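> Got a predicted model here, sequence first, then my questions.
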Amino acid sequence: DSGVTQTPKHLITATGQRVTLRCSPRSGDLSVYWYQQSLDQGLQFLIQYYNGEERAKGNILERFSAQQFPDLHSELNLSSLELGDSALYFCASNSYMGGNSPLHFGNGTRLTVT
Amino acid sequence: DQQVKQNSPSLSVQEGRISILNCDYTNSMFDYFLWYKKYPAEGPTFLISISSIKDKNEDGRFTVFLNKSAKHLSLHIVPSQPGDSAVYFCAASDLIGNQFYFGTGTSLTVIP
């Protein structure tokens, strides 16, 4: 158990809808990262937060947004969903920004857009 | 642009033998390298890491080697066990650690 909790585990929704994925980092971790893994693809970095502030952005679509709350949990909001958004979405956390600290991953949310 | 590459999508090894998984990177600013193991329906699990000041790091059956001049790292698993069958991802980050770049993974099958 990595200590990173993601909910829900599965989500099935229709095109055009909006969903929210939730992540609770490991106790004590201040950084949260979001990744997308599509079929047969690697892990694509979406966005990183550190102690409530956005620190880095990757290949995140404008339809997607995220935030980290004062209690350090994070939410990834996906709107105007398209079929191609179907993927596994992983959240990861580590203890601090900078230096050598491995990411610890949750078990992901599998999103299916029909 | 894929900054971390794993060119072998799959690898099969007999139980008890050595498994060698390879990874190449392009960004000379990377200074921290990691290997993750992933089972189906689970998130990636951290295995072992190495910083750029070292060329080898060992943890039990797992050893990571780093060749900075060739921008290449490898993971050795000795001896391989059936429970090692999983997808292995290599990853890299720079000093700031804002982003971790992942390879596309190598699926390892250890044959009993």
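Sure thing, it's come through.
> Show me what the lowest-mean-pLDDT helix or strand in chain B is packed against.
The helix or strand with the lowest mean pLDDT-type score in chain B, counting by mean pLDDT, DSSP states H and E, is strand B:100-102 (a mean of 91). Counting contacts by 3 or more CB pairs under 8 Å, 6 or more residues apart in numbering or on different chains; DSSP states H and E, strand B:100-102 packs against strand A:44-50, strand B:30-38, strand B:86-94. Heads up, the C-betas are built off the backbone N, CA and C, glycines and all.
> ok, A:P70 - how many residues close by?
For A:P70, the number of neighbouring residues by other CB atoms under 10 Å in any protein chain shown comes to 7.
> Contact residues of chain A facing chain B?
Applying CB under 8 Å from any CB of the partner chain, one finds that chain A approaches chain B through A:2, A:4, A:6, A:33, A:35, A:41-43, A:45, A:48, A:55-56, A:58, A:90, A:92, A:94, A:97-108.
> Give me the buried entries from those residues.
When burial is judged by neighbour count using 16 or more other CB atoms under 10 Å in any protein chain shown, the buried members of those are A:2, A:4, A:6, A:33, A:35, A:42-43, A:45, A:48, A:55-56, A:58, A:90, A:92, A:94, A:97, A:100-108.
> Spell out the secondary structure type for the residue nearest the centre of chain A.
Most central in chain A under CA atoms, centre = their mean is A:W34, positioned 3.1 Å from the mean C-alpha point. Classification of A:W34 using DSSP: H, G, I helix; E, B strand; the rest coil returns strand.
> and it, what is it in contact with?
Under the criterion of CB atoms under 8 Å, 6 or more residues apart in numbering or on different chains, the contact partners of A:W34 comprise A:23, A:45-48, A:60, A:66, A:74, A:76, A:89-92.
> let's see it at 10 Å
With contacts taken as CB atoms under 10 Å, 6 or more residues apart in numbering or on different chains, A:W34 has the following neighbours: A:21, A:23, A:44-49, A:58, A:60, A:64, A:66, A:74-76, A:89-92.
> Pairing partners for it in the sheet, please.
With DSSP bridges applied, the residues forming beta bridges to A:W34 are A:I47, A:C91.
> shaky segments in the chain?
In the absence of a named chain, this looks at chain A. Counting by pLDDT under 70, chain A shows low-confidence ranges at A:40, A:97-99.
> Actually, chain B is the one I wanted.
Residues of chain B that meet the criterion pLDDT under 70 lie in B:97.
> the strands in chain B, which residues?
When assigned using DSSP state E, the strands of chain B occupy the ranges B:4-5, B:10-14, B:19-25, B:30-38, B:45-51, B:56-59, B:62-67, B:72-77, B:86-94, B:100-102, B:106-111.
> What's the local residue count around the closest residue in space to A:R18 that isn't next to it in sequence?
Beyond its immediate neighbours in the sequence, the residue positioned closest to A:R18 (CB to CB, 6 or more residues apart in numbering or on different chains) is A:S79, lying 4.2 Å away. Summarising burial for A:S79: neighbours were counted as other CB under 10 Å, giving 15.
> tell me the contacts of A:S79?
With CB under 10 Å, 6+ apart as the criterion, the residues that contact A:S79 are A:16-20, A:61-65, A:85.
> Now render those residues as a markdown table, adding neighbour count and secondary structure.
Formatted as a markdown table, the entries for those read as follows, by neighbours: other CB atoms under 10 Å in any protein chain shown; DSSP: H, G, I helix; E, B strand; the rest coil:
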| residue | neighbour count | secondary structure |
| --- | --- | --- |
| A:G16 | 10 | coil |
| A:Q17 | 13 | coil |
| A:R18 | 11 | coil |
| A:V19 | 18 | strand |
| A:T20 | 15 | strand |
| A:L61 | 14 | coil |
| A:E62 | 7 | coil |
| A:R63 | 13 | coil |
| A:F64 | 20 | strand |
| A:S65 | 15 | strand |
| A:D85 | 21 | helix |
